[in-house]
Each structure stands twice: as C-alpha cells, then as structure tokens.
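Engineer: next input, structure requested:
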Amino acid sequence: MIIILQQGLPAAQKANVLEQVNNIGYKVNEVETQAGDYLVAIGKKEFDIRTIGQLPGVADIFMVTDEYQLISRKWRVEPTRIDLGDGVVVGEGQFSIMAGPCSIESEQQIEQVVEHLKANNVKIMRGGVFKPRSSPYAFRGMGLDGLKMFHRICSENGIKIITEVMQVSQIEEMIDYVDVFQVGARNSQNFNLLDALGASQKPVLLKRGISGTIEELLQAAEYIFSNGNENIMLCERGIRSYEKAYRNVLDLNAVPVLKEKTHLPVIVDPSHGIGIRDYVEPMSLAAVMAGADGVIYEAHPRPEEAYSDGQQTVNFHASERLISRMRQAYALRESF
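Structural biologist: Numbering: from 1, shown residues only. Modelled structure (predicted):
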C-alpha cells in the first residue's frame, strides 16, 4: 500500500496517520523524495482503505501488491520523465539518444566525440572514467581527473554526461561532475551502492545484471526510490547465456514488459547487448520499435584504437547513420 501525504503536513497529523496504519497491522516505511512524501505500508490484512484515505493529511492512497511498490505502474499511471536541465528530458513522449566511448581516454577524444554529438543534435554523452574490467591488467579508466576534464568540455558545449560509479566512496567526489550516475551490470545488486544513490538525489541509469531477472532489476530500482530518489532509468543491456556467436542476449522482450510494469523510462544498450559493432544498428532499430524510451550505445573516433570494447563500438560515420535511422524509426512508431 502506498499513501501519498500532503505537502507540508504538520507533524501531529503525520503521527496520527502512522498510528492508524500501524493499528491495522501494517509495517510502515517513510519515504521522502524530490517529488513527494510517501508511506509504503507492508501487510496482508484486508481493510477498507477509505479509513486511511479520509484521514487529515492524506492526499491519496493506492493498494499495490507488487514486491516493488514505488516504481510500479499500478499506482502511478503517468510515466516518469527525468529533467536533466537545459531542455534535456528523458522519458515517454520523446526518444533519447546517448552515445560516446566505452572509456574516456584523452581531451582530444572527448572534443571529437562532443563535436560529433553536437553535429547530430545529441545531448547526452556516455563515457567511463572508472572501469570495471574482467582482467586486472586492462585499462581501468582515467579516474577523477578524467571525469573533471570530461565534465568541463561537455558543460562548455551543452552536453549532459552519464558515467559509471562503482562504489559508495566515489559518489561524493563525483557528484558535482555528473549529470547521470550509471550503475553497471556487475553492481546491479550492490545494495549499499543503491541505497547511497537513492540518498544522492542525482539521476541514475540502472543496468540489468549479467544474469539478472526482470524482477531483480525492478527490486534494485525500488532500493533507489525507497531511499529518496525518483529519477531512475532502467537499462536492458543483455543477459548472459550459453551462446558464443555474440557477447550477450539482448532481451528486447524486457522492453514492453518493463513498460507495462513500471512508470520509469526504459533505455536499451545494444553495444553491450550484442557486442559486435556490425549488429548494433539493427538491434538499436529493433529497440526503438519495441517501445524503448532511448538507446545508449558506444561511439569512438577510431574504434580499432579504443582502449576498451572496440569490437562493439561504431565509428562516427556509422553513428551518424544510426542516429538518423533511429529517429526515422521513432517517427514511424509514433505514427501507428
């Protein structure tokens, strides 16, 4: 059960609502976010919700039976739209494109990617400065100095940035230089990190785990929301299987399923999903037609020289064509 409290509710009225809910036998969790004050009440006893809904200070009440309550579409029919500032909004009603290299490598590389994005009217750049790598000897990113350089160049050019955070201790030092925190597949159930990102108030792109179910992805998002942050995007990036012909199985089934289950924006990452640059375009177009709110993919001036994930990264020529075709596909989708 979700109880929406009125803004500026006096402490005495709030205490009365809590007492009445507890008396019914429900356990109450208080959640305060950027957008509102909620009580998430957990219990199984049947009762007339009007007894709570009519209490002073209660704006609305919803019975939600999902394990994930706050991110459920059963109570919030209107989809969440995330405002990154300067007219950049992610969510239903428009299609967001996010592109950039796997790893931030140099000032020149950032400038080249920014020039490419501006030329194609793309407002969000992805790029990693802290990289979780399978091998301890692989390039692991430029760290905080790289992030500051990344932020400076992008902010000067009106580009928002999304980059991965790997541990709780990094949040404070990164937060002033990030527009969207990315939680990678390996950290999708790092609950300490999810709790801390909920308290941070900064938008989060949450990737599905390497072998994670849709239910586990939704529960992970609930951790972030329940700690105070409503600005969450879900990302389908492929799941591991026995198949060796490509990197992962890009589960496009997840897109319409997630759109039905949650009010959060759904983004697709075809680069990690298939892991082969020649197939990034068709999978991106399939993601558009499946109903995704955006696509995040890897682009680099010279993919063959990329420090990481070059095999799944497209060059600027292919990226320009992909951007154009995704926008055409989205226009076709919206015309149905």
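Engineer: tell me where the stretch 101-250 of the chain has helices.
Structural biologist: All helices of the stretch 101-250 of the chain, identified by DSSP state H, counting those that start in this stretch, fall at 107-119, 143-156, 168-174, 191-200, 214-226.
Engineer: deepest-packed of those helices, please.
Structural biologist: helix 214-226 (a mean of 21; mean count of other C-beta atoms under 10 Å). All C-beta atoms are positioned from the backbone trio N, CA, C, and that covers glycine.
Engineer: which other helices and strands contact that helix?
Structural biologist: Under the contact criterion of 3 or more C-beta pairs under 8 Å, 6 or more residues apart in numbering; DSSP states H and E, helix 214-226 touches strand 27-32, helix 191-200, strand 204-207, strand 232-236, helix 254-261.
Engineer: what's the closest of the helices of the stretch 101-250 of the chain to residue 14?
Structural biologist: Nearest to residue 14, of all these, is helix 214-226, at 17.8 Å by C-beta to C-beta.
Engineer: could you list the low-pLDDT ranges of the stretch 151-300 of the chain?
Structural biologist: The model of the stretch 151-300 of the chain has no residue with pLDDT under 70.
Engineer: domain parsing for this structure?
Structural biologist: When the chain is parsed with automatic domain parsing, its domains come out as 2-62, 82-335.
Engineer: so how far is the first one off the chain centroid?
Structural biologist: Looking back up the chat, that one is domain 2-62. Its chain's C-alpha centre and that of domain 2-62 lie 28 Å apart, by C-alpha atoms, centre = their mean, to the nearest Å.
Engineer: show the end-to-end separation of it, please.
Structural biologist: Start and end residues of domain 2-62 are separated by 5 Å (C-alpha to C-alpha, to the nearest Å).
Engineer: let's number from 6 now, not from 1
Structural biologist: Renumbered: residue one is now 6, and that last one reads domain 7-67.
Engineer: pretty sure residue 323 is in a helix, no?
Structural biologist: Yes: counting by DSSP: H, G, I helix; E, B strand; the rest coil, residue 323 falls inside a helix.
Engineer: and it, how close does it get to residue 83?
Structural biologist: Separation of residue 323 from residue 83 (C-beta to C-beta, to the nearest Å) stands at 36 Å.
Engineer: who's more crowded, these two?
Structural biologist: Taking neighbours as other C-beta atoms under 10 Å, residue 323 and residue 83 compare with residue 323 leading, 17 against 9.
Engineer: from what I see, the more buried one and residue 287 are in contact.
Structural biologist: No: using C-beta atoms under 8 Å as the test, residue 323 is too far from residue 287 to be in contact (12.0 Å).
Engineer: just for the stretch 6-155 of the chain, where's the confidence low?
Structural biologist: 138-144.
Engineer: can you show me the strands along it?
Structural biologist: For the stretch 6-155 of the chain, strands defined by DSSP state E, counting those that start in this stretch occupy the ranges 7-10, 32-37, 42-47, 63-67, 87-90, 93-95, 101-105, 129-131.
Engineer: check which helices and strands the first one is in contact with.
Structural biologist: Packed against strand 7-10 by the contact rule (3+ C-beta pairs under 8 Å, 6+ apart) you find helix 16-29, strand 42-47, strand 63-67.
Engineer: buried sites along the second one?
Structural biologist: Residues 42, 43, 44, 45, 46 are the ones in strand 42-47 that count as buried (16 or more other C-beta atoms under 10 Å).
Engineer: dump those residues to a markdown table, plus distance to residue 64.
Structural biologist: Output for the buried residues of strand 42-47, formatted as a markdown table (distance: C-beta to C-beta, whole Å):
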| residue | distance to residue 64 |
| --- | --- |
| 42 | 9 |
| 43 | 10 |
| 44 | 11 |
| 45 | 15 |
| 46 | 15 |
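Engineer: ends of stretch 129-148, how far apart?
Structural biologist: Span of stretch 129-148 from end to end, C-alpha to C-alpha: 20 Å.
Engineer: rewinding a little: which of the domains of the chain sits most buried?
Structural biologist: Across the domains of the chain, averaging neighbours per residue (mean count of other C-beta under 10 Å) puts domain 87-340 on top, at a mean of 19.
Engineer: and that domain, how far apart are its ends?
Structural biologist: Terminal residues of domain 87-340 lie 24 Å apart, using C-alpha to C-alpha.
Engineer: ok, stretch 58-75 next?
Structural biologist: End-to-end distance for stretch 58-75, by C-alpha to C-alpha: 18 Å.
Engineer: off-centre distance for that stretch?
Structural biologist: Remark: stretch 58-75 is offset 25 Å from the chain centroid, using C-alpha atoms, centre = their mean.
Engineer: what does that stretch contact?
Structural biologist: Here stretch 58-75 makes contact (C-beta atoms under 8 Å, 6 or more residues apart in numbering) with 6-11, 14-15, 18-19, 21-22, 25, 36, 43, 45, 54, 57, 77, 79-80, 220, 223-224, 226-227, 230-231, 235, 266-267.
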